[in-house]
Each structure stands twice: as structure tokens, then as C-alpha cells.
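Fold the following.
(2 chains)
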There are 2 protein chains.
Amino acid sequence: METTSGGLLPRVVIVGGGFGGLRAARALRHASVRVTLVDRGNHHLFQPLLYQVATAELSPADISAPIRGVLRRQRNAEVALAEVTGVDVDRRQVSLHDLATRRDRTLDYDYLITATGAGTSYFGHDDWEQFAPGLKTIEDATAIRRDILLAFEAAEAKGAEGATQSPDLLTFVVVGGGPTGVELAGAIAEVARKALVSDFRHIHPADARVVLVEAAPHILATYPVALSERARRKLERLGVEVRTSARVESIDECGVIVDGERLAARTVIWAAGVRASPAGEWLRAPTDRAGRVLVGPDLTIPDHPEVFVIGDTASASQDGAPLPGIAPVAMQQGHYAATAIRRRIAGERAIPPFHYFDKGTMATVGRSFAVARIRRLSLSGFLAWALWLGIHILFLIGFRNRALVLFQWAWAYLTYQRGARLITHLAAEARVPATIPRP
Amino acid sequence: METTSGGLLPRVVIVGGGFGGLRAARALRHASVRVTLVDRGNHHLFQPLLYQVATAELSPADISAPIRGVLRRQRNAEVALAEVTGVDVDRRQVSLHDLATRRDRTLDYDYLITATGAGTSYFGHDDWEQFAPGLKTIEDATAIRRDILLAFEAAEAKGAEGATQSPDLLTFVVVGGGPTGVELAGAIAEVARKALVSDFRHIHPADARVVLVEAAPHILATYPVALSERARRKLERLGVEVRTSARVESIDECGVIVDGERLAARTVIWAAGVRASPAGEWLRAPTDRAGRVLVGPDLTIPDHPEVFVIGDTASASQDGAPLPGIAPVAMQQGHYAATAIRRRIAGERAIPPFHYFDKGTMATVGRSFAVARIRRLSLSGFLAWALWLGIHILFLIGFRNRALVLFQWAWAYLTYQRGARLITHLAAEARVPATIPRP
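Model (predicted):
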């Protein structure tokens, strides 16, 4: 058995407790290593359901599992609540800023797995962020939930004052027609037309206008065209205006300019671009245009077979096409990295390259419709939605979350009500200078 | 039927969507009035369970119900998300700052019900607030939850660094031995001894020290002495140090000074004092020392029989003793105010005074023990806890919340795990200057 100087077991440092990092940690549970998982949050986030927090169907804790709880029986693993500030690949050392003690420290490693995910990219227009928040964290989701609910509140208040309504108050623009944008737009339309329909006295929430803007000719561009057309028709039946081949030229406090036309909107949500975490800078490794680290077939960086990069942070291709930034890729890569480390420790030198096994992809549109591609099979409608439901429940970590989420979905499905319509940090927010267009 | 000028139905403005205000609104559902309920939050908060959010057992949305949702079928009621900035009792007009539009407006009333509750009082030591937060709002609860979880994280990080532990990191001081303080101290002890026990590698969470400080000779001072003694023994069995007849002399970033002795503690929580909302100032009405408005036997203020003050904002006595600041008092007063308004509108002039019907009080200590006084009967132990459980589930508004909370309690009871161990706004918090004692 390989040991480090001092006779201790080799240390594997995993940065990031998302799908990739957590899967890698779990896959090392029987390995003769010491695992340290570093994350700047204390919870694993089930990101595919984040849009349901943003639209008041689920609570933050329903889609979060404390990382320490997930690993509590894995005695060879420990967890650090810290931000990585740099990596010295020659010394094999990670620099941390501990978030609980607010002190800096370093951590030596024998193997490093970098799984720090991605953030929102505004394609060089960072000034758009203040007007069109992205959806990547729990805080993003509760802020968007607040924005959506406050838009209806503002329209109701204008009605109560007897002022004429300005249509921009109840116009919601979602930029980006990938799965997140499609799911958000469908959910916002349902909130307006179903959940809130009896809540107000001076407005009709169903009058809300929801616009989905996509630059490509089709929404859900990675799906077969027939499926993306079916998703579009479903969105339109829900009352969403879908604009494809449409270019966003600017975003400001009054709304969006799309192909020269102004869409006046109080609420704009950005679901268009993704940029990898700064792992490439830490590792001084070459990256692609989106900041993703270019990795070899074994997911390591050049000259450092002990440094793995996985998930949304890595730029990997297969059969000539780039691998998509989705949870199954990250999980399979996490499992691969863990297996590769075990084999190396066991003395193997020839490790077969990573191969992604594509089980398919799916996206949901509203509360009983989804589109799914499973291998070469295309599915849409209620059956695809039932499948989406089953798979998402299955992969939610922790029985408690599963049962809670299932209960809340059943409740929302049967009653159209959304229980998590909670506006928090409102007083703090109210003190912030207004960015609302005033008539 | 009484109408206002213009032939419209009389308008009842209710300020505050807590137990008193919401009960008043519901009790007016068949009355020939227009009801406007004003609250600066969009949700009714089930305050008696707030301590369970602070100790990671429940999520904020579990103990919150959107006010619009509660009143959505009551067509004579509307809701305003606004802060009251003043009341002109002569013009019968409330001034509002609308939180969604950020504009000021006024609201005329024929009857006003003020039910704005109470905040935390530091008895003239407002500088203690930054070191010892109170527990009154959802934001307070999630901030305390973060403080508690971060204390364990900080101790673990010190252990991982190899530094010697400073015992203050895992010392939790709760100031105030009323129901909130007792429930908090018991829950923190259980979190340390049960929920977190396998989560760490460098510390034993069970080593945490929990101290409950009370100035009076007994905790739960409003209960029979035998009951408060039983609660004390139960707390001590859970590992809580209970200090009665103990005076807090000062609170700073290093902890608390109690009777001249320093208790070094990173986490101090204030559950000692309550101060009424500024309703007395708005109404220019006489108040008691805690800021509560002195009301007559019909809960109105002098010379203004159309202005009711109820709940924690009112200072009312019965049989020579002041009424306690608890939900049943507020709810009965809300019902009374609504009935009095209906009778006045119907032309009655002689309205019988408010009478509080005392069904009893209860407080829970840990996960299967409570003390209860029901009329003259004293109960403690598991049976009292089962009763506490039943009553709290019964009064939680909305079936969804009830079923969710019941499920989470059952889960926590069976597994000792707490699912809502979520630290949010951590990054934002980490940027705030440290108030942690550095060794």
C-alpha cells in the first residue's frame, strides 16, 4: 500500500460538494485514503430543482443535504467549510480561507479532485447582472422568488392606490431557452395562472406576460428538434411567449432590448450563460473560452496525473462532441476519478480513459409535461413527466428530502397552491435604492 | 346598515398579520365591512415554533403561511404589503410605506385594529444586540441557526489545524428562562448531543456547554413552582446548566458576565426581554414601561372607541394581573375586536368588556418532555409533550404546513437527525468584520 512520508495514508482533497465531488468522496469510502472534502457551503445542493425554490414550490432545505450528514458514517472522510484561495500544484498544497474561523490555512494532498462547478456568465456584459440575476445558488433562488412575488405585490399596490397599471410590472422575461430557462418560464406562468389566481383584489395575476428569449433557432438546443418543438407548444399553451433566434442587445432597469425592440419588464431572469469556477487560474492550467479546464482522457491536467478536474469545471469531449454540463456527467466523472485513484494506489499504471455513458436527458415544462430523450428514444407528455418525477426523487439525497419533496409536489399538483411563498430579508431589501422603473 | 360617506361599506384596517390580526380578519368574514390587513411581511408566522427553525428542525416555510393565501377566499378582505409610518387618529387615516412599490400612501379607516406585536428589548443595553441576537423573526431564526452551526464548524476547523481548542467556541449561553429560552436551551443541547454527534472528526459536539441564565429565582416564572422545577431537572438531564437568580451584567464579543463571573462564549442568544411595537407613538396613546398601549376594558384607547389595540401591543389586565403576551390572548382579543365592530355597526352601544378565557399554558423541553398547566391541573413529561404536539399541530394554519411539520417531527424524533441544517448567506456574512474572539 502506498503511503506518504510519515507512514500516513494518502490524502485525497476534493474541492466542491456538488454532484461530482460528493460522488467521488462516496466512491472512496472503502479506499485506504484520508479524504477531505472542502466546500464553501455546508450543504450539497440538488441544482436541477433550484427553479422550484425560485418559483415557491419547494423550500431551500428540501433540495439541500448537509454535507457532513451525507458523510457522517464515512470515517475516512472529513469536511472543511472553507473557500479555496489557491493551489500550489508543485508543492501539492491547497490554500484555504476557513469560513467559520475566518483564518487562512493550507492543506497538503497526494491527489486533488477539483469539482467546483460553474457560475453565471453574462458574455462580457457584467453590468446586466444587477437587472437580470442568474440562478445558481440557494440565495439566488430566494432572491428570484422575492422578485417574482414582489412584482405581483407592486401591481396590487398600484391597483389599491387607484393608479393605472403599467404592464411592465407583470412582465417576466427569462433569457435563455435551455432546460433552466424553459423550466423557469413554465413555472412562472403556472404561478401566475394558478397558484396566485385568487390572492389579489386589484389585479388578475393571469394577465402576467411571460417571455422566453433564446438566441438559437430552437429552445432546448441539445434535444432532437421534434422534442424541442413539443416543449415550445406546451409552453405556449401555458401562456409563455417563446422568442427564438432572438438576440438580447441590452438589459437595464426598464427591461430588455431584443432585436431592437424594447420589452418593458420589471423582472428579468438570466438563464443563458455559464462560466466555470476559477479552478483553471488556481491550477495554472489551459482553459476553454468558458473558463473550463482542458483535461486529458483520464480527466487530469498536463504533467499532473494527481490532479483531476471534473464536472462543470472540466472541458472534456467524447466522440468529437463536448460533454454537457449536467449532473450525470459530473457523477460519472467523480466515480471515475475515485476509481483511478484507487487503482493508482494499488500500483496500476495503465488506467483506461473516462467514458461517459449517456442515459439521456429530460426537462419538465409545467406541472405534468416533460420532454425526454433516452438513448435514441424520444418521449414527451405526461409519461415523460412521470419518469422525470421518479428519477428526480430517486436521486435526491436523503430519505427525508425525498419524502418531503414528494409530499409537496403532490400537494402542489392537487391544489395548484405553492406553499413556500415566503419573502425573506424584505426589510433589508426595502432599504436598497429602488431599481423599479417609476412611471 | 352603517355606511361611510359615499355609501361604501365601513372600512376596517388591521395592522399586523400575527395571531391577533389574522383572527380579527377571519372573524369579520361575514361582516358587511371592507377589511384591509396591512403587514410588512407577506406571511403569517407561527412564532411558538420559531425556536425550531433556529435549531434546524423546521424550515422557515414550514411555520409560515402566506397571508394572501389564508385570506384568498375571503372576498371582503384585501392585503397590503406595507410598513405603517404613522396614524392620524383624528382624520382616521393610516400612513403607509408600500414595500413593493416603495411609495408612500394613506389609507382611511372607520375602525382600526392595531396588532403589531413586540420586538426584543435589551432593557436599555441596545449595544448587547450585536453580540446576543433575539428571536422574533424568520431572519432572526436563520441567523441564530447559522451562528449555532458555525460555532461547531469553527471548533472543527481549529481541530483540523491542530490548534488547541478554546472552550468558548462550543459554549452557548441563552439569556432568559421563559418558554423561548427554555425551549432554545433544550433544543441546542439535543442538537449537540444527538443530531451532530457523528458529523465531526476533530471535536465531540457533545462536549458543548449550554448555559441558561435567568434573573428570577425560577425558570418559567409564570408556571407553578413544581412544574418549573420539573422543567429544570429535565434541562439538567439534557446537559444544560441552569443558573437562576443570576444577573447578566454585560455582554460583549467574548461572552457574558453573570454576577461578576465571566462566561466565555462565542454564541449568546437573548430571550429575556420584550418591547412592544411603536404603536403607542403612532396613536399618541399612553403606554406602560414596555411600550404597550394602555387599553380600556373594551380594548380601545381613550376617546377613540374606533381604535382597538390587541395582542403583545396592548397592556390589558384581568382580575388585577396583566395578561401574558401569548398567542391565545392575542387570538381571543382579535375575535373580540371583530365582534365589537360588528355589534357597533349593528347599532349596539353597550358592548360587554373583553374577558380572557385561560385554557392553560405549556412549554416543551427537548424532544419528548413538556410542562403544561391546564386550568388548575399541572402536567409534565411525555403526556404533556404529546398534548403540546397535538395543540401546536392543530393551530398551525394550513393543512400543508401541518402535514409537513408532523412528518419532520416524526423524522427528527425517530432518527435524531435535523434536516434543516442549512447555512445561508454565508459568503455575505463572511465578508462582515469578525466579531469572533481570536485567541
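
Nearest residue to residue A:301 in space, please, no chain neighbours.
Nearest residue to residue A:301 in three dimensions, chain neighbours excluded: residue A:285, at 4.4 Å (CB to CB, 6 or more residues apart in numbering or on different chains). The C-beta positions use only the backbone N, C-alpha and C, and glycine is treated the same way.

Is that neighbour in a helix, a strand, or coil?
Per DSSP: H, G, I helix; E, B strand; the rest coil, the secondary structure class of residue A:285 is coil.

Phi and psi next, for it.
Here is the backbone geometry of residue A:285 (degrees, to the nearest 10): phi -110, psi 150.

so what's residue A:426 up against?
Counting by CB atoms under 8 Å, 6 or more residues apart in numbering or on different chains, residue A:426 makes contact with A:146, B:40-42, B:99.

for the stretch 301-439 of chain A, what spans make up the strands?
Here the stretch 301-439 of chain A has its strands, by DSSP state E, counting those that start in this stretch, at A:304-309, A:314-315, A:317-318, A:321-322, A:361-364, A:370-374, A:377-381.

hmm, I was thinking of the stretch 101-250 of chain A
Ranges of strands within the stretch 101-250 of chain A are A:104-108, A:111-114, A:118-120, A:171-175, A:209-213, A:240-243, A:248-252, based on DSSP E, counting those that start in this stretch.

circling back: could you look over the strands of the stretch 301-439 of chain A and pick the most buried one?
strand A:314-315 (a mean of 24; mean count of other CB atoms under 10 Å in any protein chain shown).

Quick one: mean pLDDT for that strand?
Mean pLDDT, strand A:314-315: 96.

for that strand, packing partners?
Using 3 or more CB pairs under 8 Å, 6 or more residues apart in numbering or on different chains; DSSP states H and E as the contact test, the elements touching strand A:314-315 are strand A:293-294.

Give me the contact list for the strand it packs on.
Contacts for strand A:293-294 (CB under 8 Å, 6+ apart): A:114, A:276, A:279-280, A:283, A:285-288, A:301, A:309, A:313-315.

One more pass at 10 Å, please.
Strand A:293-294 has contacts (CB atoms under 10 Å, 6 or more residues apart in numbering or on different chains) with A:114, A:116, A:276-277, A:279-283, A:285-288, A:299-302, A:307-310, A:313-317.

Work out the gap between that strand and the centre of the chain.
20 Å (CA atoms, centre = their mean, to the nearest Å).

got it, and stretch A:149-161?
Distance of stretch A:149-161 from the chain centroid (CA atoms, centre = their mean) equals 30 Å.

Kindly report the same for stretch A:261-269.
23 Å.

what's near enough to touch the residue nearest to the spatial centre of chain A?
Nearest residue to the geometric centre of chain A (CA atoms, centre = their mean): residue A:47, 4.1 Å. By CB under 10 Å, 6+ apart, the residues touching residue A:47 are A:18-19, A:63, A:117, A:135-138, A:141, A:180, A:312, A:326-327, A:330.

Nearest to residue B:389 among the residues you listed?
Distance to residue B:389, by CB to CB, is smallest for residue A:63 among these, at 27.1 Å.

That closest one touches residue A:53, doesn't it?
Yes: using CB atoms under 10 Å, residue A:63 is in contact with residue A:53, at 6.4 Å.

Now the common contact residues for those two.
By CB under 10 Å, 6+ apart, the residues touching both residue A:63 and residue A:53 are A:45-46, A:138, A:141.

which of these are close to chain B?
Filtering the shared contacts of residue A:63 and residue A:53 for proximity to chain B by CB under 10 Å from any CB of the partner chain leaves A:45, A:138.

and the two most separated of the shared contacts of residue A:63 and residue A:53?
So, the shared contacts of residue A:63 and residue A:53 by CB to CB: farthest apart are A:46 and A:141, at 11.4 Å.

what is in contact with these two at once?
Contact criterion CB under 10 Å, 6+ apart; residues shared by residue A:46 and residue A:141: A:52-53, A:58, A:63.

need the helices for the stretch 301-439 of chain A, in chain order.
With DSSP state H, counting those that start in this stretch as the criterion, the stretch 301-439 of chain A has helices at A:327-345, A:382-395, A:399-415, A:426-430.

Which member of the shared contacts of residue A:46 and residue A:141 is positioned nearest chain B?
residue A:58 (8.7 Å; CB to the nearest CB).

element containing the closest residue to that closest one other than its chain neighbours?
Spatial nearest neighbour of residue A:58, chain neighbours left out: residue A:52 (4.5 Å); criterion: CB to CB, 6+ apart. Using DSSP states H and E, residue A:52 falls within helix A:50-54.

following that helix, which helix or strand comes up?
Following helix A:50-54 in sequence order, the next helix or strand is strand A:64-66 (DSSP H and E).

I'd like to know which elements that following strand is packed against.
Counting contacts by 3 or more CB pairs under 10 Å, 6 or more residues apart in numbering or on different chains; DSSP states H and E, strand A:64-66 packs against strand A:43-45, helix A:399-415.

Alpha carbons of stretch A:221-235, as PDB, please.
What follows is stretch A:221-235 as a C-alpha-only set of coordinates in PDB (Å, rounded to 0.1, in the frame of the first residue of the first chain):
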ATOM      1  CA  ALA A 221     -31.000  23.100 -28.400                       C
ATOM      2  CA  THR A 222     -29.300  19.800 -27.300                       C
ATOM      3  CA  TYR A 223     -32.600  17.900 -27.800                       C
ATOM      4  CA  PRO A 224     -34.000  16.400 -31.000                       C
ATOM      5  CA  VAL A 225     -35.900  19.200 -32.900                       C
ATOM      6  CA  ALA A 226     -39.200  17.300 -32.600                       C
ATOM      7  CA  LEU A 227     -38.900  17.300 -28.800                       C
ATOM      8  CA  SER A 228     -38.000  21.000 -28.600                       C
ATOM      9  CA  GLU A 229     -41.000  21.900 -30.800                       C
ATOM     10  CA  ARG A 230     -43.300  19.900 -28.500                       C
ATOM     11  CA  ALA A 231     -41.800  21.800 -25.500                       C
ATOM     12  CA  ARG A 232     -42.400  25.100 -27.300                       C
ATOM     13  CA  ARG A 233     -46.000  24.200 -28.000                       C
ATOM     14  CA  LYS A 234     -46.600  23.200 -24.300                       C
ATOM     15  CA  LEU A 235     -45.000  26.500 -23.100                       C
END
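
what sits against residue A:191?
Residue A:191 touches A:55-57, A:145, A:148-149, A:152, A:172, A:197, A:205, A:208, A:210, A:416, A:418, A:421, counting by CB under 10 Å, 6+ apart.

Next, count neighbours for residue A:14.
30 (other CB atoms under 10 Å in any protein chain shown).

and it, that one's in a strand?
Yes: judged by three-state DSSP, residue A:14 forms part of a strand.

picking up where we left off before, hmm, which two among the contacts of residue A:426 are most spread apart?
Farthest pair in the contacts of residue A:426 (CB to CB) is A:146 and B:40. Separation: 13.8 Å.

how close does the closest residue to residue A:275 other than its chain neighbours get to chain B?
Among residues not flanking residue A:275 along the chain, residue A:121 sits closest, at 3.5 Å (CB to CB, 6+ apart). As judged by CB to the nearest CB, to the nearest Å, residue A:121 and chain B stand 19 Å apart.

Tell me if I'm right that residue A:121 and residue A:134 touch.
Yes: look at residue A:121 against residue A:134 with CB under 10 Å: they come within range, at 8.5 Å.
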